[in-house]
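In: Based on what follows, work out the 3D shape:
(chains A, B, C, D, E, F and G)
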Amino acid sequence: MSKKQTPSDFLKQITGKPVLVKLNSGADYRGILMCLDGYMNIALEQTEEYMNGELRNKYGDTLIRGNNVLYISTQKKKDVVLFE
Amino acid sequence: MSKKQTPSDFLKQITGKPVLVKLNSGADYRGILMCLDGYMNIALEQTEEYMNGELRNKYGDTLIRGNNVLYISTQKKKDVVLFE
Amino acid sequence: MSKKQTPSDFLKQITGKPVLVKLNSGADYRGILMCLDGYMNIALEQTEEYMNGELRNKYGDTLIRGNNVLYISTQKKKDVVLFE
Amino acid sequence: MSKKQTPSDFLKQITGKPVLVKLNSGADYRGILMCLDGYMNIALEQTEEYMNGELRNKYGDTLIRGNNVLYISTQKKKDVVLFE
Amino acid sequence: MSKKQTPSDFLKQITGKPVLVKLNSGADYRGILMCLDGYMNIALEQTEEYMNGELRNKYGDTLIRGNNVLYISTQKKKDVVLFE
Amino acid sequence: MSKKQTPSDFLKQITGKPVLVKLNSGADYRGILMCLDGYMNIALEQTEEYMNGELRNKYGDTLIRGNNVLYISTQKKKDVVLFE
Amino acid sequence: MSKKQTPSDFLKQITGKPVLVKLNSGADYRGILMCLDGYMNIALEQTEEYMNGELRNKYGDTLIRGNNVLYISTQKKKDVVLFE
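Out: All right, here's what the predicted structure looks like:
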């Protein structure tokens, strides 16, 4: 991430890229970030819905309401091998 | 989804189309998207209420209050066959 | 529902009609919609309170605070026969 | 209820009358409605607190914070005889 | 309570008096009401914290954040004898 | 606490002093109050985190987001001996 | 922490440093604080997600939505040895 002045610079940088959106409910949504606004309402393309890591649904275009968003991340989740 | 500048462009595009509205409670509402406003209050026609994928109720015109909305999606849910 | 420009057009159309108001808590309130405001505070007449489809209370005039509202619907609930 | 233009007309009409205030928590508060403001902060006199229909406490003057209010109703609750 | 125009008149009247502040969590806080603001942030002196009617803690000056407040009442709780 | 006009006077008075900050989650945070703003975002130094009265963590400088704050108190908690 | 006038001074001071962000859900996020805004939306680099002290995921750039933040702290958590 280059030097960001504000979080919205960060968000502009990742528009058009594959992202992972984590919701407060714990569900993950992966897709191409088309656009988002000041409330962090997020429009995704080719949306995939994951619960506990399992693919549950595929949608076309999806708009996620910002207040439900926990975080939005760029890099594919690099699952960490947990040493049991 | 064509190049969207803002989420509200996305919403204008899907007005008049069949949509799936997922609420925070987990319930799904399917119907024709008539209109919506800046709070994502959503007016649907021919509304069907689904709980855990089961049709529970049919209403005529329904207005869903925006703060309850998790996401709104265009394409019919393409249920993904989960390999047990 | 005729062509609506905004959800508030929809609400004006159904003023004075019998409505069903579903709250986040799951309770249903049926009555005549007298008026409502921008927060979706809803004034009902001849109010009936239903829990899990059972009539629990009858009130005269009732004002429901908007933030508790899940949705407001016009047509009487057409219960769907679920094929067990 | 005469023809109301807005919910606040309704509230002005019932000022000074006995009301039932239902909170999100499920508790009922009965008393004389002295006044309320735009947030639906409600000042009651001769306040009685009911839980599951049982009288739990009596207070003098009480101010209930508006965000906790589910609804406010005029007529005494006409308990409905439920046919078991 | 004399004729109140607004809830804030009520609050001004009880400043400097012993009050009971009930929080959403169910806890009660008793003390001398020093001052409060438009968000109902409440400054108390000689604060006592009660859980289920049991005294749990004593603090000196305490500021309670308004959004947690359920209600604020003047008269000492007149416990009602419940007929078992 | 001298005569306070507003809660913010109270907060200015306790800046630089040892305080106890109780969060909605039930956790207690003790430290030196460095500063806070209108949202009650609170900056503490020498922060100690307590859960159910047990010291769990020590941090240097910590900023607590205001919406999580239940109350902020000056005097050290004078634990009250509860008569079993 | 030098004399802070406001919490935002505190936040400016720790930009570019390793921080610990605790969310309301209890999860911890460690990373380099790139920037944040008035809502406490927080952009982190080299993000690590911990649940109950266990490393669960690693992400590249991550934007955490401010309303989920409990606190943000500078110094590495100095785990306190609890005397059983």
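In: Contact partners for the residue in chain A that chain E sits nearest to?
Out: Residue of chain A nearest chain E, by CB to the nearest CB: residue A:67 (16.2 Å). All C-beta atoms are positioned from the backbone trio N, CA, C, and that covers glycine. By CB atoms under 8 Å, 6 or more residues apart in numbering or on different chains, the residues touching residue A:67 are A:39, B:67, G:67.
In: Of these, which is the nearest to residue B:6?
Out: Taking CB to CB as the measure, residue B:6 sits nearest to residue A:39 out of those, at 10.8 Å.
In: Do the one helix or strand residue A:30 maps to and chain G come into contact?
Out: Assigned by DSSP states H and E, residue A:30 belongs to strand A:28-36. No - judged by CB under 8 Å from any CB of the partner chain, strand A:28-36 stays clear of chain G, getting no closer than 10.0 Å.
In: what's in contact with that strand?
Out: Outside strand A:28-36, the residues touching it (CB under 8 Å, 6+ apart) are A:11, A:14-23, A:42-51, A:53, A:61-62, A:64, A:66, A:72, B:1, B:3-7, B:9-10, B:71.
In: Kindly report the same for stretch A:45-52.
Out: A:26-32, A:34, A:55-62, B:1, B:73.
In: Please check the residues you listed and keep the buried ones.
Out: Those of those that meet the buried threshold are A:27-31, A:34, A:57-62, B:1, B:73, by 16 or more other CB atoms under 10 Å in any protein chain shown.
In: From these, which one has the minimum pLDDT?
Out: The lowest pLDDT within the buried ones among the contacts of stretch A:45-52 belongs to residue B:1, which sits at 50.
In: Name the helix or strand for the residue nearest to the spatial centre of chain A, please.
Out: Most central in chain A under CA atoms, centre = their mean is residue A:21, positioned 2.2 Å from the mean C-alpha point. Residue A:21 is part of strand A:18-23 when elements are defined by DSSP H and E.
In: Just say helix, strand or coil for the closest residue to chain F within chain A.
Out: Residue nearest to chain F within chain A: residue A:67 (12.9 Å; CB to the nearest CB). Per DSSP: H, G, I helix; E, B strand; the rest coil, the local secondary structure of residue A:67 is helix.
In: pLDDT at it, what is it?
Out: 90.
In: next one: residue A:2
Out: pLDDT recorded at residue A:2 is 52.
In: Could you point out which of the buried ones among the contacts of stretch A:45-52 is nearest to chain D?
Out: Distances from chain D to the buried ones among the contacts of stretch A:45-52, taken by CB to the nearest CB, are shortest for residue A:27, at 25.5 Å.
In: dump the residue contacts of the closest one.
Out: Neighbours of residue A:27 in contact, by CB under 8 Å, 6+ apart: A:49-51.
In: Kindly reformat those as a markdown table containing secondary structure and neighbour count.
Out: Shown next, in a markdown table, are the contacts of residue A:27 (DSSP: H, G, I helix; E, B strand; the rest coil; neighbours: other CB atoms under 10 Å in any protein chain shown):
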| residue | secondary structure | neighbour count |
| --- | --- | --- |
| A:49 | strand | 22 |
| A:50 | strand | 17 |
| A:51 | strand | 12 |
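In: which one of the residues you listed sits closest to chain G?
Out: Minimum distance to chain G across those is 12.8 Å, recorded for residue A:50 (CB to the nearest CB).
In: give me the beta-bridge partners of that closest one?
Out: For residue A:50, the beta-bridge partners are residue A:28, residue A:55 (DSSP bridges).
In: just residue A:64 next, same as before
Out: Going by DSSP bridges, residue A:64 is paired in beta bridges with residue A:42, residue B:71.
In: Surely it and residue A:25 touch.
Out: No - here residue A:64 lies out of contact with residue A:25, judged by CB atoms under 8 Å, at a distance of 11.1 Å.
In: Now for chain A, the helix or strand with the poorest mean pLDDT.
Out: Counting by mean pLDDT, DSSP states H and E, chain A has its least confident helix or strand at strand A:78-79, which shows a mean of 46.
In: State the phi and psi torsions of whichever residue of chain A sits closest to chain B.
Out: Residue nearest to chain B within chain A (CB to the nearest CB): residue A:60, separated by 3.3 Å. The phi/psi pair for residue A:60 (degrees, to the nearest 10) reads phi -80, psi -110.
In: Equivalent analysis for residue A:27, please.
Out: Torsion angles, degrees, to the nearest 10, at residue A:27: phi -70, psi 150.
In: Doesn't residue A:12 lie inside a helix?
Out: Yes - when three-state DSSP is applied, residue A:12 is found to be in a helix.
In: how many other residues sit next to it?
Out: 13 (other CB atoms under 10 Å in any protein chain shown).
In: now residue A:25
Out: When neighbours are counted by other CB under 10 Å, residue A:25 registers 12.
In: Tell me which residues touch it, please.
Out: Residue A:25 neighbours (CB under 8 Å, 6+ apart): A:68, B:24, B:70.
In: at 10 Å instead, please
Out: A:51, A:68, A:70, B:24, B:26, B:70 (CB atoms under 10 Å, 6 or more residues apart in numbering or on different chains).
In: from those, which two are the most distant?
Out: Maximum pairwise distance in these, criterion CB to CB, is 17.2 Å, between A:70 and B:26.
In: Tell me which residues of the host helix or strand of residue A:47 come out buried.
Out: Using DSSP H and E, residue A:47 maps to strand A:42-51. Across strand A:42-51, burial judged by 16+ other CB under 10 Å covers A:42-45, A:47-50.
In: Fine by me, we can end here.
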